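*Asks:* Sequence plus the predicted model coming up.
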Amino acid sequence: MELRQLRYFLAILEAGSLSRAAGHLHVAQPALTQQIKKLEAELDSRLLVRTTRGVTPTAAGRRLAGHAREILQQIERARRDAQVEAGDLAGVVAVGLPWSLHQWLGLPLIDRVQRQLPQVHLRIQDGPSWWLAEQLAEGKLDCVIVFDTPADRGLALQPLFSEPLCAFGRIGTLPESAMLTPAALAVLPLWLLSRPNSIRSQIDRLFEREALTPRVSGEIDAPALLLAAVAAGHGVTVLPASSAATPHVQGKIESRGIAAPGLVRRASLGTSRLYPVTPAAEAVQQCLLDLLVEHRAQASWPAMTDDQAN
């Protein structure tokens, strides 16, 4: 079995057809087909099912794909480690940040890595926590910050901080009381984050626990747009307390606490238990942790409390 064959096999799966994979790889299709046949012969298993619409993996092919990705990722990590000389951290580091953290950590992380780790090629991927956790578990990211994610699927989680969830509405649209009861929240025109989402799950469980039927007017799968909609007068939403400091809605929205114990989101720094962490990735992780400590010391993150950041 050759590494080239594994790369070819994965390229075919990603492209969905031999002809497209051949084009992406700049390899003649007959030569590509021959390599896959050799691989199937060596493994004594059929790996691909060929149809008029392309190719799909067999059960054996799916199993091989998992092993192939792991093997190639391990080799890439070994290559990066071998390039690290004394005091010289280099290589690609892929970091996953949830949408709601970009305003706090995205640009500061870029600035810090470029200043302190000039040989590191930083890749930042955004997305919802559940998706970032999946990407980390598959070895596609080196570290992530995720919310309310269980330590399974080969993930190692280091607790970072927690913050309460609050109700947000356009100024003048929320009840005058400092805290909203679940019943008072349920009758408001709610625009909520789309499922699957850890914040949405907590809200759903709250209403179910209180035997309430909320007035859900719509769903938006983007916190920035959700806040903009609320600021424009389109109902009320529930988001982390730090959302009040989002620049494009400051001065346009107000918030209220929600009288429900345990209604918080908890953030963790996630790494993989299955894939080795490179020295460069460790250095980038430390940059993230340092930024969080600084936010805490400067009180620049409104929702952080004394027991949250490491």
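*Replies:* Nice, thanks for sending it over.
*Asks:* now the helices for the stretch 51-200 of the chain?
*Replies:* 59-83, 107-116, 129-137, 182-186, 198-209 (DSSP state H, counting those that start in this stretch).
*Asks:* So which helix or strand of the chain has the lowest pLDDT on average?
*Replies:* Between all helices and strands in the chain, the lowest mean by mean pLDDT, DSSP states H and E belongs to helix 59-83, at a mean of 78.
*Asks:* Let me know which of the helices of the stretch 51-200 of the chain is the nearest to Leu192.
*Replies:* helix 198-209 (5.7 Å; CB to CB). For the C-beta atoms, the positions are set from N, CA and C on the backbone; glycine is no exception.
*Asks:* Low-confidence regions, the stretch 1-150 of the chain specifically.
*Replies:* In the predicted model of the stretch 1-150 of the chain, residues 77, 79-88 satisfy pLDDT under 70.
*Asks:* at 90 instead, please
*Replies:* Counting by pLDDT under 90, the stretch 1-150 of the chain shows low-confidence ranges at 1-33, 35-36, 39-40, 43-45, 47-58, 61-91, 98-106, 126-131, 133-140, 148-150.
*Asks:* Counting residues, which strand of this structure comes out longest?
*Replies:* strand 155-170 (DSSP state E).
*Asks:* Okay, now the sheet partners of that strand, with direction.
*Replies:* Here strand 155-170 is paired, per DSSP bridges, with strand 236-240 (antiparallel), strand 253-258 (antiparallel), strand 264-272 (antiparallel).
*Asks:* Any chance of TSV for these, columns distance to Val27?
*Replies:* Output for these, formatted as TSV (distance: least, CB to CB, whole Å):
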stretch	distance to Val27
strand 236-240	49
strand 253-258	55
strand 264-272	31
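*Asks:* on that earlier part again, just say which of the helices of the stretch 51-200 of the chain is most tucked in.
*Replies:* helix 129-137 (a mean of 20; mean count of other CB atoms under 10 Å).
*Asks:* residues making contact with it?
*Replies:* By CB atoms under 8 Å, 6 or more residues apart in numbering, the residues outside helix 129-137 that reach it are 96-98, 125, 127, 141, 143-149, 153-155, 196-198, 270-272, 274.
*Asks:* what does stretch 163-178 give?
*Replies:* Contacts of stretch 163-178 (CB under 8 Å, 6+ apart): 180, 184-185, 188, 199, 202-203, 227, 230-233, 235-244, 251-258, 263-265, 303-305, 308.
*Asks:* Counting neighbours, what do you get for Pro279?
*Replies:* Neighbourhood size, Pro279 [other CB atoms under 10 Å]: 15.
*Asks:* Fine by me, we can end here.
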